[in-house]
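1. Sequence plus predicted model, see below.
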Amino acid sequence: MPPLRLPREWPYWAGGITIALVNTVLMLADGKPWGITSMLTNASARVAELVGMRPSTWGYFQSPHREQALSDFGWLDGSLWLNLGIVGGVLVSGLLSREFHIRKAPRPWRKVALAVGGGLLMGYGARLAHGCNAGILLGAIPSHSLQGWVFALVTFLGVLLGVRFFRRVL
């Protein structure tokens, strides 16, 4: 029997439907939409507690909402396991489609620097905005919030500008 091999590319609609279904299940199970940045912040704070730090005393966690979110966070949090599952699923998918390769040397350092810098800016911006695109698009739009639609429009325009920028730079 030949080994299982996944297609190299999936249609966009398959990803969209999957994200919608998973977000619906998460909403029903956890009572909140899928989010990443708040979950990462709270999980990181819990890890900091394990090594003897006291993040509950940090300025960030002094607002009642954030203090409550930290005290409510546990290792069985649905968003935590959803995000870990996504990372694991991408790895398995890459392995099965034979698209996962360990390179001997990193890509040109310019690309590595741009990728690392972009990732840091995205993370910092998401914390400044009190959330990320997953949270606002999957939480605000389904609840008929105008901010979700404004965010979607501005994100689309930002992506268009970013693509044009990177085509010139790279």
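-> Yep, that arrived. Residues are numbered from 1 along each chain as shown.

2. Longest helix in the protein, please.
-> Determined from DSSP state H, the single longest helix within the chain is helix 146-169.

3. What are the contacting residues of that helix?
-> Identification of contacts with helix 146-169 by Cβ atoms under 8 Å, 6 or more residues apart in numbering yields 114, 133, 136-137, 139-141. Where C-beta positions appear, they are placed from N, C-alpha and C, glycine not excepted.

4. Quick check: the gap between S145 and G139.
-> Look at S145 and G139: by Cβ to Cβ, to the nearest Å, they are 8 Å apart.

5. Show me which of these two is the more surrounded one.
-> G139 (18 against 13; other Cβ atoms under 10 Å).

6. Got the domain ranges for the chain?
-> The chain breaks down into these domains under automatic domain parsing: 1-101, 105-170.

7. pLDDT below threshold where in the protein?
-> Where the chain drops to pLDDT under 70, the residues are 1-8, 105-106.

8. in it, which spans are helices?
-> Under DSSP H, the chain gives helices at 12-30, 37-50, 64-72, 78-96, 109-128, 133-139, 146-169.

9. just the ones you listed: most buried one?
-> Compared across the helices of the chain, helix 133-139 shows the largest average neighbour count, a mean of 20 (mean count of other Cβ atoms under 10 Å).

10. how far out from the middle of the chain is it?
-> 10 Å (Cα atoms, centre = their mean, to the nearest Å).

11. Report the separation between the nearest residue to L40 once chain neighbours are set aside and W10.
-> Nearest non-adjacent residue to L40, counting by Cβ to Cβ, 6 or more residues apart in numbering: N83, 7.9 Å away. Noted for N83: a distance of 19 Å to W10, by Cβ to Cβ.

12. ok, the most centrally placed residue in the chain - contacts?
-> The C-alpha lying nearest the average C-alpha coordinate of the chain belongs to I36 (Cα atoms, centre = their mean; 4.6 Å). With contact taken as Cβ under 8 Å, 6+ apart, I36 is in contact with 79, 83, 126, 132, 134-135.
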